[in-house]
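Engineer: what shape does this take:
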Amino acid sequence: MAELAELLARAVPIGIGATVVMDLWAVVRRRVFGLPSLDYALVGRWVAHLPRGRLVHRPIAATAPVPGERLLGWALHYATGIAFALVLLGIGGLDWARRPTPGLALLVGIGTVAAPWLLMQPGMGAGLAARRLPRPWVARWHSLVTHAVFGLGLYLAACGLSVLSP
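Structural biologist: This is a model prediction of the structure:
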């Protein structure tokens, strides 16, 4: 039970830290390369319509807005980061959390690209792995890089936490 409590206690700051790194990358992409960031209000809108029985939108921007969708989207963004950190710690265990290495974190981070490719993009109207977008391979590349950055964030957050609580 103590091990589970420690895994959970580590997953929260690691997931939040990795998500912050991913968000900082989005700022760099926007300012340096002029690439738009994901609008998390649209993520909130998509999720808010799920209980209403609507999984797929074409496109999500054409679906009626929902009160609080931006806050919901951002909360889900960070909750997902924590969930993915739990996956990482479920694979690597406390040994990895106490002495993190970049390989596993990058592997898990890159693996998380399955979520947008297989779930979010189809649900939000972009199709499987963004196939309905004008330049799907560009969108796929950006998703892959962003999730690799998330993996780097998992590693960096775990390193920071391991220094603070060995």
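
Engineer: chain neighbours aside, what residue packs nearest to Thr80?
Structural biologist: Sequence neighbours aside, Ala115 is the residue nearest to Thr80 in space, at 7.2 Å (criterion: C-beta to C-beta, 6 or more residues apart in numbering). C-beta: built from backbone N, CA, C; applies to glycine.

Engineer: number of residues surrounding the one you found?
Structural biologist: 15 (other C-beta atoms under 10 Å).

Engineer: tell me how far it lies from Val56.
Structural biologist: Ala115 sits 16 Å away from Val56, going by C-beta to C-beta, to the nearest Å.

Engineer: ok, now Gly151?
Structural biologist: Gly151 is 28 Å from Val56, by C-beta to C-beta.

Engineer: equivalent analysis for Leu24, please.
Structural biologist: 31 Å.

Engineer: equivalent analysis for Leu72, please.
Structural biologist: Distance from Leu72 to Val56, by C-beta to C-beta: 19 Å.

Engineer: between these two, who's got more neighbours?
Structural biologist: Leu72 (19 against 12).

Engineer: what residues are up against the more buried one?
Structural biologist: By C-beta atoms under 8 Å, 6 or more residues apart in numbering, the contact list for Leu72 reads 43-44, 47-48, 66.

Engineer: just curious, which of those residues is nearest to Met120?
Structural biologist: Val43 (7.2 Å; C-beta to C-beta).

Engineer: any idea which element that closest one lies in?
Structural biologist: Following DSSP states H and E, one finds Val43 within helix 40-49.

Engineer: same deal with Arg58?
Structural biologist: Using DSSP H and E, no helix or strand contains Arg58.

Engineer: swap in Ser143?
Structural biologist: Going by DSSP H and E, Ser143 is in helix 136-164.

Engineer: which helices and strands does that helix pack with?
Structural biologist: helix 2-33, helix 69-98, helix 102-111 (3 or more C-beta pairs under 8 Å, 6 or more residues apart in numbering; DSSP states H and E).

Engineer: put the alpha carbons of stretch 53-71 into PDB.
Structural biologist: Once non-C-alpha atoms are left out, stretch 53-71 reads as follows in PDB (Å, rounded to 0.1, in the frame of the first residue of the first chain):
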ATOM      1  CA  GLY A  53     -23.700  10.400 -27.000                       C
ATOM      2  CA  ARG A  54     -21.600  12.400 -29.500                       C
ATOM      3  CA  LEU A  55     -18.100  11.000 -30.000                       C
ATOM      4  CA  VAL A  56     -17.300  12.300 -33.500                       C
ATOM      5  CA  HIS A  57     -17.700  15.900 -34.700                       C
ATOM      6  CA  ARG A  58     -17.000  17.200 -38.200                       C
ATOM      7  CA  PRO A  59     -15.300  19.400 -37.200                       C
ATOM      8  CA  ILE A  60     -15.400  20.100 -33.500                       C
ATOM      9  CA  ALA A  61     -15.200  23.900 -34.200                       C
ATOM     10  CA  ALA A  62     -18.600  23.700 -35.800                       C
ATOM     11  CA  THR A  63     -20.200  22.000 -32.700                       C
ATOM     12  CA  ALA A  64     -22.000  24.300 -30.300                       C
ATOM     13  CA  PRO A  65     -19.800  25.700 -27.500                       C
ATOM     14  CA  VAL A  66     -20.300  24.400 -23.900                       C
ATOM     15  CA  PRO A  67     -20.100  26.600 -20.800                       C
ATOM     16  CA  GLY A  68     -16.700  26.100 -19.100                       C
ATOM     17  CA  GLU A  69     -15.200  24.200 -22.000                       C
ATOM     18  CA  ARG A  70     -11.800  26.000 -21.800                       C
ATOM     19  CA  LEU A  71     -11.400  25.200 -18.100                       C
END
